[in-house]
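Peer 1: take this sequence and fold it.
(chains A and B)
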Amino acid sequence: EIGISKEEALEALQVVRQECHGDAARTAGGSGATRKCTALELLEEEQAQGFIITFCSALDNILGGGVQLTKITEICGAPGVGKTQLCMQLAVDVQIPECFGGVAGEAVFIDTEGSFMVDRVVDIATACVQHCQLIAAAHQEEDHLKALETFSVESILSHIYYFRCCDYVELLAQVYLLPDFLSEHSKVRLVVVDGIAFPFRHDFEDLSLRTRLLNGLAQQLIIIANDHKSAVVLTNQMTTRIGQSQSMLVPALGESWGHAATVRLIFHWDNSQRLATLYKSPSQKESTIPYHITSHGFRDVQPPAVTQNSEDTEMNPRKRPRREEEK
Amino acid sequence: MAAKKLRRARLSQELCERLSRHQITTCQDFLCLSLLELMKVTGQSYYDVKKLLSKVSQACAPKMQTAYEMKLRKSVNPSSAFLSTTLHGLDEVLHGGVPCGSLTEVTSPPGCGKTQFCIMMSVLATLPVSMGGLDGAVVYIDTESAFSAERLVEIAGNRFPSYFDSDEKLFSMTCSVHLYRELTCDSVLKRILSLEEEMISKKVKLVIIDSVASVVRKEFDTKLQGNLAERSNFLAKGASVLKYLAEEFSIPVILTNQITTSLSSGLIQADLVSPADDLSLSEGASGSGTKESGGVTAALGNTWSHSVNTRLILQYHDSPLRQLLVAKSPVAPFSAFFYTIEKSGLVLQDGKDQTNSTCEGTNPALQPIRVRNAALKDTLLHAP
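Peer 2: Numbers count the residues shown, from 1 in each chain, chains lettered A, B, ... in the order given. Sure, this is the predicted structure:
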């Protein structure tokens, strides 16, 4: 329009853009730099990405290795089926040292329902430490023993950062402040929001406001997951949807919320067996597996054989890729 | 927390005035707006608004504590974490008793022992800490007019004969149980909301609501359109206020629930209220019309099942034996105990297939509950 050529216009735009970028870099502290990269770089990143194991090998298998870092995983389920149990299990498992196949991270637990029980976490942590001790006893390697020195129930508990939000405003405020918290505690690799549905399910006449707030939350959590390389795990409730002749249990918070999570797990019952179904995932196919909740935490239906050999095979596949990288 | 005025969040005076012109006075209003709206309203740049947001968030956000600190706090004061039920097997499985700081629900068919359990817990809460109690007052919200002071005294006298050896002690115990009769949903909600003050002044250590289901089911007929949502709203609101109270004062909250018929197969669950139940307010033979096996489950729907943290189910076994199930608990596996109701309250029966704790469990919302058989009506004539 002005009468200059396309290249000149592009130059002018780039100059203007650089000015803005300079501004941004100065004031924002350069967080979340360029977000674009080639698919090859992403592939390399993804393969190096860690998983947080759940101690239920069937569940880990259908998830492709465990709960993936940098992704949002949503767990929906009926009351009492084990969502909070899995969250507590993950908060312990994220701290497993790398030589045992873990990601050696810390955990942030945001609780809106009040079902976090410290005693239960103590039970789960004790079982986890014992498990690692068994492996160390079988392998007798130095780094195992060294890691075990710092991996104890007390250290596990002191690296779970717990926030209790009583309503949605506190939850919003906490998620706004989370990036700063995570920059201070850079070892955090897991953010759990136990009960994202609960504070939004009452006192909301304006449903469009609710959708907007939820979307905003989802966006912020995605940014947090990516920037800090952590896994975000949310638990959702189930609600009854009345159809014409029957009613079904569906995940709460509406259809649009279904887009927020990358991976969706639905926990349900089949008579007296608990089942987990992978409902939505970009890379794994839909499948259902049974699981148990024992006094040690989340486990498979057939408890894995206690012999040392099978401990090996369970841990090794995840150990090997890491070792090769370290070389 | 949410209703905190912006002024207290240390925003500048003129900023607060400007915001109040747009009807934004509390933190809640502030945080509900999007960034663009905030920029428009405050007239400031993107980065300044972000700083404002973080200031306001800090005013509202909860405090951080590590799990370790929580555990230390509990171990320093172990008695404050649970209210022992003096039912030994149950206490063991629940890691101490009815947990403080969360909601516990007791559900059963009519006449199975819910009110007895509540009365027993009221006695226990008034006991001194050395005997496993909480040494405090009890707020008992009664919606069915089923509370009996005589029974309270009887249980106290029979269960702890050595402690309640004088009339004086019994008298002081009854003084610390505060009974409120509420008959509508609204008044129950108002009562709960006003509890905070009373709890501080009277040193309340236990809140019992007996029963939530009766008021709710009286007023909300789920067959009418729109009522289901309103009912869930009321329940969720009540639950969150109670949770706040429970955690703030670190006390247990016990609620009782009724049963309903559930036509279900697998995942499909319809919470239909059978017409007969609508008329029942307290113990009565109304539930006896339903079939014995399956089909009957805890009332008030799915949302409510999510809101309570622990669920205990009482059901009939061979009379006079009854069964107590731990259906939902963050610390306990699914377990079953047998008990009978006697002069001293609930008494666990030892030696009979106790702690049936398997790794299974059933969906607590669909747990089939056994109701009293019509044929057992004769035993009522012979009951003590």
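Peer 1: all helices for the stretch 51-200 of chain B, in order.
Peer 2: B:67-76, B:88-93, B:114-126, B:149-159, B:167-175, B:185-193, B:195-202 (DSSP state H, counting those that start in this stretch).
Peer 1: can I get stretch A:117-129 as CSV, trimmed to CA atoms?
Peer 2: Provided in CSV are the C-alpha atoms of stretch A:117-129 (Å, rounded to 0.1, in the frame of the first residue of the first chain):
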residue,chain,number,x,y,z
MET,A,117,-3.9,-38.4,54.3
VAL,A,118,-0.3,-38.2,55.5
ASP,A,119,-0.4,-41.7,57.1
ARG,A,120,-1.3,-43.2,53.8
VAL,A,121,1.6,-41.5,52.1
VAL,A,122,3.9,-42.8,54.8
ASP,A,123,2.7,-46.3,54.1
ILE,A,124,3.2,-45.9,50.3
ALA,A,125,6.6,-44.3,50.8
THR,A,126,7.8,-47.1,53.1
ALA,A,127,6.8,-49.7,50.6
CYS,A,128,8.6,-47.8,47.8
VAL,A,129,11.8,-47.5,49.8
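Peer 1: so where's chain A shaky on pLDDT?
Peer 2: Within chain A, the ranges that satisfy pLDDT under 70 run A:1-4, A:19-36, A:45-49, A:203, A:243-247, A:302-327.
Peer 1: one step back: looking at the helices of the stretch 51-200 of chain B, which one is packed in the most?
Peer 2: helix B:114-126 (a mean of 25; mean count of other Cβ atoms under 10 Å in any protein chain shown). Where C-beta positions appear, they are placed from N, C-alpha and C, glycine not excepted.
Peer 1: name the residues that touch that helix?
Peer 2: Identification of contacts with helix B:114-126 by Cβ atoms under 8 Å, 6 or more residues apart in numbering or on different chains yields B:83-86, B:98, B:106-108, B:132-138, B:140, B:144, B:146-148, B:151-152, B:155-156, B:159-160, B:173, B:176-177, B:205-206, B:208, B:210-211, B:254, B:256, B:314, B:341, B:345-346.
Peer 1: before we move on, back to that, JSON lines please, covering the helices of the stretch 51-200 of chain B and showing mean pLDDT.
Peer 2: Converted to JSON lines, the helices of the stretch 51-200 of chain B look like this (pLDDT from 0 to 100):
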{"stretch": "helix B:67-76", "mean pLDDT": "77"}
{"stretch": "helix B:88-93", "mean pLDDT": "84"}
{"stretch": "helix B:114-126", "mean pLDDT": "87"}
{"stretch": "helix B:149-159", "mean pLDDT": "84"}
{"stretch": "helix B:167-175", "mean pLDDT": "82"}
{"stretch": "helix B:185-193", "mean pLDDT": "84"}
{"stretch": "helix B:195-202", "mean pLDDT": "83"}
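Peer 1: now tabulate those helices in a markdown table and tack on distance to A:L145.
Peer 2: Formatted as a markdown table, these follow (distance: least, Cβ to Cβ, whole Å):
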| stretch | distance to A:L145 |
| --- | --- |
| helix B:67-76 | 23 |
| helix B:88-93 | 36 |
| helix B:114-126 | 48 |
| helix B:149-159 | 53 |
| helix B:167-175 | 57 |
| helix B:185-193 | 54 |
| helix B:195-202 | 52 |
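Peer 1: of those helices, which is nearest A:M117?
Peer 2: helix B:67-76 (9.5 Å; Cβ to Cβ).
Peer 1: tell me what that closest one is packed against?
Peer 2: helix A:118-139, helix A:153-158, strand A:160-164 (3 or more Cβ pairs under 8 Å, 6 or more residues apart in numbering or on different chains; DSSP states H and E).
Peer 1: buried sites along the first one?
Peer 2: So the one you mean is helix A:118-139. Residues A:118-129, A:131-132, A:135-136, A:139 are the ones in helix A:118-139 that count as buried (16 or more other Cβ atoms under 10 Å in any protein chain shown).
Peer 1: chain B contacts on the stretch 1-150 of chain A?
Peer 2: A:27-28, A:78-81, A:84-85, A:91, A:109, A:113-122 (Cβ under 8 Å from any Cβ of the partner chain).
Peer 1: just those: which are in helices?
Peer 2: A:27-28, A:84-85, A:91, A:118-122 (DSSP state H).
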